[in-house]
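K.L.:
Everything below, folded, please.
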Amino acid sequence: MSTVSMAFSQLPLISPLQDNLHSLEYTTMTPVQALTLPVILAGKDVIAKAKTGSGKTAAFGLGILSAIKVDNYAVQSLVICPTRELAEQVAIELRRLARLMNNVKILTLCGGTPIAHQINSLEHGAHIIVGTPGRLLDHLQKNTLDLSELRLLVLDEADRMLDMGFEDDIVSIIKQAPAQRQTLLFSATYPDGIQKISNKIQQQAEFLAVDEVNNQIEQYFYEVDENSRKLLLAKLLTEHLAESTIIFCNTKIACQEVDNYLNQLGFSVIALHGDLEQREREQVLLQFTNKSKAILVATDVAARGLDIKELDLVINYQISYDPQVHVHRIGRTGRAGENGLAITLVAAHEMPKANLLEELEKITLNWQTVNNMTVDKSRIVKPVMQTVSLTIGRKNKVRPGDILGALTKDAGLEGNLIGKIIITDLYSYVAINHKAIKKVLEYFKQGKIKGKSVRARAL
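P.N.:
Now for the predicted structure:
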């Protein structure tokens, strides 16, 4: 279904939401917002097929915030996400959209953090819960989460949750919610399982599909000898000079090999795989998203649910076993109308997978050749930022403004040397220009934030 451009001001939103959208300079809706928001605001169930990065969080977020009764501290909306990282990102966006509304309380309930803290927060009430299936079930089984007044339910990245085997958990969670509610289901792809779960949990859902913009993702394919795969990868990285690249591997072993190889050559690279502890995983992701690292090497399992904006390049170091996974991988570049580039390396024994992709996706593969395999190390992209970890977090009631103030006013840094600030429960992570790292570490030997002594470490 195609969409016409439409202004947010045309929507029947309460004035705090309209005023906030204006202050955020959100004027024209993205296609997924223009397509889904009128239907969502009308209270109907929706199945929306839209890529990650298309603006879907704001679409269901505005629907959620429009339906909230602020004076009732019961859980009125629930967003179920496949991973903790996505849940955190959704919660951040909801808080941003709600910032001019009074006293809207949003909680994240995910694994990897102590459940006792979450139970304590729930005792004080919440309007909106964003969580992962396993931890939501834990709370329901402990009777620490009450969904009896739920009015709006969202399944975000529903296809990923089905892939990860969460269908039974999701159905169990929804059984504890009122039958009379609005249910929104967002999915990047539309496998058979989506319609099946919709039949179980939705009523007369309207199916809305945003026109795909795959023509904005240029795809190149390279035939490669297995022994030259890593060398060709390095060569292509020095040719395309991307600030932000994800390299996908089919196995954890390949992921580690690529990480080691590129690090030895001097590339700015970091790996994401299943062996990492939650905090290590968190640190890997934020170093990539705040542009302290230029390259993320990941397996599909580790990368599920990632919502990384401004991604210049995706490289399939090994072609995926599943054409649908290939589509999901390359869809991480070229988001929100931007142009993207995806490169796939294919060895002789992988040609059947390439042929299957061509057949199922009805595309002609664009095969490229390489003139020479020389890696010019002077062309390796080096980020200007490095991440500093601080031992202060959300539990200390710290906000980005507090950290920014300490660094600019007290430590004397210029604002343009400070990048993205990410705050978790116990730690904060700040992207700092390389030339200011020593000054920051020196300041925190005695400096404080909000009267609290803070230790700093460069990652």
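K.L.:
L237 is in what secondary structure piece?
P.N.:
helix 229-240 (DSSP states H and E).
K.L.:
quick one: strands adjacent to whatever helix or strand comes next after that helix?
P.N.:
Beyond helix 229-240 on the C-terminal side, the first helix or strand identified by DSSP H and E is strand 245-249. Note on strand 245-249: by DSSP bridges, its sheet partners are strand 295-299 (parallel), strand 313-316 (parallel).
K.L.:
Return the set of buried residues in the host helix or strand of E442.
P.N.:
Taking DSSP H and E as the criterion, E442 maps to helix 437-443. Buried residues in helix 437-443, counted by 16 or more other CB atoms under 10 Å: I437, V440, Y443. Just so you know, the C-beta spots here come from the backbone N, C-alpha and C atoms, and that holds for glycine as well.
K.L.:
Could you do stretch 229-240 as well?
P.N.:
Neighbour-count burial for stretch 229-240 [16+ other CB under 10 Å]: R229, K230, L231, L232, L233, A234, K235, L236, L237, T238, H240.
K.L.:
If I follow the layout properly, the fifth one ends up in contact with Q318?
P.N.:
No - proximity of L233 to Q318 does not meet the contact threshold set by CB atoms under 8 Å, at 10.5 Å.
K.L.:
sorry, back to before: output the strands paired with strand 245-249 as a markdown table; include the columns mean pLDDT and mean neighbour count.
P.N.:
Shown next, in a markdown table, are these (pLDDT from 0 to 100; neighbours: other CB atoms under 10 Å):
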| stretch | mean pLDDT | mean neighbour count |
| --- | --- | --- |
| strand 295-299 | 93 | 25 |
| strand 313-316 | 94 | 24 |
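K.L.:
Looking at the ones you listed, spot the one closest to A209.
P.N.:
Comparison of these against A209 by CB to CB identifies strand 313-316 as nearest, at 22.7 Å.
K.L.:
Does A59 belong to a helix, a strand or coil?
P.N.:
Three-state assignment for A59 (DSSP: H, G, I helix; E, B strand; the rest coil): helix.
K.L.:
hmm, back to that, quick one: mean pLDDT for the following helix or strand past the helix holding E442?
P.N.:
Sequence order places strand 448-449 as the next helix or strand after helix 437-443, per DSSP H and E. Mean pLDDT, computed over strand 448-449, is 88.
K.L.:
now strand 448-449, how far from the centre of its chain.
P.N.:
Counting by CA atoms, centre = their mean, to the nearest Å, strand 448-449 is centred 30 Å from the centre of its parent chain.
K.L.:
what pairs with that strand, and is each one parallel or antiparallel?
P.N.:
strand 452-453 (antiparallel).
K.L.:
Can you tell me the element S320 falls in?
P.N.:
Per DSSP H and E, there is no helix or strand for S320.
K.L.:
what about the residue nearest to it when sequence neighbours are not counted, neighbour count?
P.N.:
Once flanking residues are discounted, S320 sits nearest to H326: 4.4 Å by CB to CB, 6 or more residues apart in numbering. With neighbours defined by other CB atoms under 10 Å, the count for H326 comes to 25.
K.L.:
H326: what's it in contact with?
P.N.:
Taking CB atoms under 8 Å, 6 or more residues apart in numbering as the contact definition, H326 lies against N316, I319, S320, T344, L357, E361.
K.L.:
Which helix or which strand is home to it?
P.N.:
Counting by DSSP H and E, H326 is part of helix 323-330.
K.L.:
just the angle between that helix and strand 295-299, please?
P.N.:
Counting by axes from the mean of the first three to the mean of the last three CA atoms, to 10 degrees, helix 323-330 lies at 160 degrees to strand 295-299.
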